[in-house]
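Novice: Requesting a structural model of the entry that follows:
(one chain, ligands or ions: 1)
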Amino acid sequence: MPIDTSPWLADPKTLPERSASALARSMKGSTILAIAGEVLDLKARGVDVANFTIGDFAPSEFRVPPLFLEHLQRAQGEGQTFYPPAVGTPELRAAVRDYYRRVLGLSFPEGTIQVGSGARPLIYAAFACLVDPGDTVVYQVPSWNTEYYVDLNGAEGVALVARPEHSFMLTADDIAPHLQTARLLVINSPQNPSGTAISRAAMKAISDAIVTENRRREGTGERPLYLLYDMVYWQLTLQDVEHITPIHANPEMARYTVLVDAISKSWAATGVRVGWAACPPWVLAPMKALIGHMGAWAGRAPQIATARTLAEISPMEPWSKTFRAEVAKRQLALYNGFTSMNAEGLPVYPVKPEGALYVTARFALHGASFKGQKIETDEDIRHLLLHEAGTAIVPFVTFGYPDGTGWVRFSIGAVSGAEVEAALDRIAGLLRSL
Ligand SMILES: Cc1ncc(COP(=O)(O)O)c(C=O)c1O
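Specialist: Below you'll find the predicted structure:
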């Protein structure tokens, strides 16, 4: 008979709160996952819901590049199943450098690429290795998860509200009042949740300001200001939109930038867990130690397969073109649908998507009533769209944005073109009835 542990694990009375560390007690779970859970419950009960909530893909809609799948299976068959080096395999580190040189026009020297199991451990490690408790981290709202990394590191977060007229991106003017005190600035482009991208002019102004500030600090001996630039969606930049890095804007930013990237979104490979950071060697050294201690490296076979695929793939070859076109098709269908509703006089205001998996729109419904219920908060709007239009979305309040604006995010990786069209019809019907 196996030893039954369940009596010891049921009804632990005060044991949980007496056990948890301060960190464990302060940690917040992901609200998006909670919303996504509600959608799955509805679907399980047979309700027809278009799931625009999570920033992931459904295998019915998107698959990894067949070339990558072949390499993945081959690498496992070859016995590439042992510990990789904590910094990443030499093959993948070299392949990333070569890929960036060919495709992004950026040349990084050896010793600047740190591999991790997707983007998250690299973001966490960059925070932990650059930011002390009490240090100021400047970031924007809406933003994906930055506040969690701020909290996990005991940092002082300065959340700046990014404005729709600036494509929900921060400007150098927004950052200026915090430039002298900040230790880390976090930017993500193309951006989750807005689906917009930073312009060359904005990136140039921010990069120049950081370089100038760091020259001043060099004189005083203060610790420098770093930029964490999360570009996991850069390969999903829409046609005619430029993807720009701080290093393109000002090459001196190579000293002060941790650039984070992954195959998760660009190859629809969120569950494979391969990412990397390109950063100065003195930042990489402690990140490597931390990633090693956490065992947060990517598996050896996925690393080898990523290296081999990177050598053969480019954003212009057929798989990438089709993949990007399918993502863009869904984004533009939503955008065009909302634009038509707006032209009809319905209270929806979309933002033209520029990249990533997202479309942003404002539902100006506050003060309206539905079935005798007054719509007062953004959560009321989410609830209304979910239960009355079978459309599951995530409001910007979930990404730290002030409540009452009506801005929401649609994520398109798990829906078909037909589901997009059906959801648009249901939303238009609901709005006409208000
Ligand atoms: C902006 C951004 N960065 C990073 C990630 C996480 O990437 P990964 O799955 O590679 O950890 C996400 C996932 O949604 C994201 O939206």
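Novice: Flag every residue of this structure that's near the ligand.
Specialist: By the rule C-beta under 6 Å from any ligand atom, the part of the chain lying against the ligand is 55, 118-120, 144, 188, 192, 230, 232, 262, 264, 270, 275. Where C-beta positions appear, they are placed from N, C-alpha and C, glycine not excepted.
Novice: Out of those residues, which sit inside strands?
Specialist: 188, 230, 262, 275 (DSSP state E).
Novice: Which of the residues in the helix or strand I175 falls within are classified as buried?
Specialist: Applying DSSP states H and E as the criterion places I175 in helix 172-175. Buried residues in helix 172-175, counted by 16 or more other C-beta atoms under 10 Å: 172, 174-175.
Novice: Helices of the stretch 1-150 of the chain, residue ranges please.
Specialist: 6-9, 15-19, 22-26, 31-44, 66-77, 90-99, 119-130, 146-152 (DSSP state H, counting those that start in this stretch).
Novice: With the stretch 251-400 of the chain instead?
Specialist: 263-266, 281-294, 300-312, 318-343, 378-389.
Novice: Pull the contacting residues for K374.
Specialist: Residues in contact with K374, defined by C-beta atoms under 8 Å, 6 or more residues apart in numbering, are 367-368, 380.
Novice: Check the residues of the chain next to the ligand and tell me the two furthest apart.
Specialist: Of all pairs drawn from the residues of the chain next to the ligand, the widest gap by C-beta to C-beta lies between N188 and T270 and measures 16.2 Å.
Novice: Could you check which of the two is surrounded by more residues?
Specialist: More neighbours surround N188 than the other of N188 and T270, with 27 against 19 (other C-beta atoms under 10 Å).
Novice: if I look at that one, how far off is I198?
Specialist: Remark: distance between N188 and I198 (C-beta to C-beta, to the nearest Å) = 9 Å.
Novice: Kindly report the same for V64.
Specialist: 28 Å.
Novice: Over to V186?
Specialist: Between V186 and I198 the distance is 12 Å, computed by C-beta to C-beta.
Novice: which one of the two has more residues nearby?
Specialist: Neighbour count, other C-beta under 10 Å: between V186 and I198, I198 has more, with 29 against 26.
Novice: pretty sure that one is in contact with I244, am I right?
Specialist: Yes - the criterion here is C-beta atoms under 8 Å, and I198 meets it with I244 at 6.6 Å.
Novice: Next one: P65, what pLDDT does it get?
Specialist: Note for P65: predicted pLDDT of 96.
Novice: Chain neighbours aside, what residue packs nearest to it?
Specialist: Sequence neighbours aside, W319 is the residue nearest to P65 in space, at 4.6 Å (criterion: C-beta to C-beta, 6 or more residues apart in numbering).
Novice: and the one you found, how many residues sit next to it?
Specialist: 16.
Novice: Who are the contact partners of it?
Specialist: W319 neighbours (C-beta under 8 Å, 6+ apart): 65-67, 313.
Novice: still on that earlier bit, for the residues of the chain next to the ligand, which one is nearest Q303?
Specialist: G275 (10.5 Å).
Novice: Could you pull up the residues touching the closest residue to the closest one other than its chain neighbours?
Specialist: Nearest residue to G275 in three dimensions, chain neighbours excluded: A262, at 3.2 Å (C-beta to C-beta, 6+ apart). For A262, the contacting residues are 118-119, 232, 274-276, by C-beta under 8 Å, 6+ apart.
Novice: Recalculate using a threshold of 7 Å.
Specialist: 118-119, 232, 274-275 (C-beta atoms under 7 Å, 6 or more residues apart in numbering).
Novice: Same check on L67?
Specialist: Taking C-beta under 7 Å, 6+ apart as the criterion, L67 is in contact with 309, 312-313, 319.
Novice: What of G111?
Specialist: So G111 contacts 281, 284 (C-beta under 7 Å, 6+ apart).
Novice: hmm, 10 Å instead?
Specialist: By C-beta atoms under 10 Å, 6 or more residues apart in numbering, the residues touching G111 are 87, 93, 280-281, 284-285.
Novice: I'd like these laid out as CSV, including pLDDT and neighbour count.
Specialist: Formatted as CSV, these follow (pLDDT from 0 to 100; neighbours: other C-beta atoms under 10 Å):
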residue, pLDDT, neighbour count
V87, 98, 22
R93, 98, 23
P280, 98, 15
P281, 98, 12
L284, 98, 22
A285, 98, 14
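Novice: ok, those vs I412, which is closest?
Specialist: Of all the contacts of G111, I412 sits closest to R93, with 32.4 Å by C-beta to C-beta.
Novice: how does the chain divide into domains?
Specialist: The record assigns the chain these domain ranges, following automatic domain parsing: 7-62+319-433, 66-312.
Novice: so of the ones you listed, which one's packed in deepest?
Specialist: With neighbours defined as mean count of other C-beta atoms under 10 Å, these peak in mean count at domain 66-312, which reaches a mean of 20.
Novice: Please determine how far the residue nearest to P65 is located from the ligand.
Specialist: 19 Å (C-beta to the nearest ligand atom, to the nearest Å).
Novice: Excluding sequence neighbours, find me the nearest residue to T309.
Specialist: In space, and not counting its chain neighbours, T309 is closest to F68: 4.4 Å by C-beta to C-beta, 6+ apart.
Novice: Touching, the one you found and Q303? I think so.
Specialist: No - F68 is not in contact with Q303 according to C-beta atoms under 10 Å; the separation is 12.0 Å.
Novice: joint contacts of the two?
Specialist: Here F68 and Q303 have V274 as joint contacts, going by C-beta under 10 Å, 6+ apart.
Novice: so what pLDDT did A58 get?
Specialist: pLDDT at A58 comes out at 96.
Novice: Provide a list of residues in contact with the residue nearest to A58 when sequence neighbours are not counted.
Specialist: Take A58 and drop its neighbours on the chain: the residue closest to it by C-beta to C-beta, 6+ apart is A414, 3.9 Å away. By C-beta under 10 Å, 6+ apart, A414 lies in contact with 36, 39, 50-62, 357, 392.
Novice: could you redo the last one with a cut-off of 8 Å?
Specialist: 51-52, 54, 56-58, 61.
Novice: got it, and T245?
Specialist: By C-beta under 8 Å, 6+ apart, T245 lies in contact with 104, 106, 203, 229, 231, 257, 259.
Novice: what does V394 give?
Specialist: V394 touches 32, 35, 52-53, 193, 382, 408-409, 411, counting by C-beta under 8 Å, 6+ apart.
Novice: V241 now?
Specialist: Contacts for V241 (C-beta under 8 Å, 6+ apart) come out as 190, 197, 354-355.
Novice: gap between R101 and V232?
Specialist: According to C-beta to C-beta, R101 stands 20 Å off from V232.
Novice: neighbouring contacts of stretch 320-328?
Specialist: Residues contacting stretch 320-328 (C-beta under 8 Å, 6+ apart): 61-62, 65, 235-236, 238-239, 267-268, 313-315, 353, 357, 412-413.
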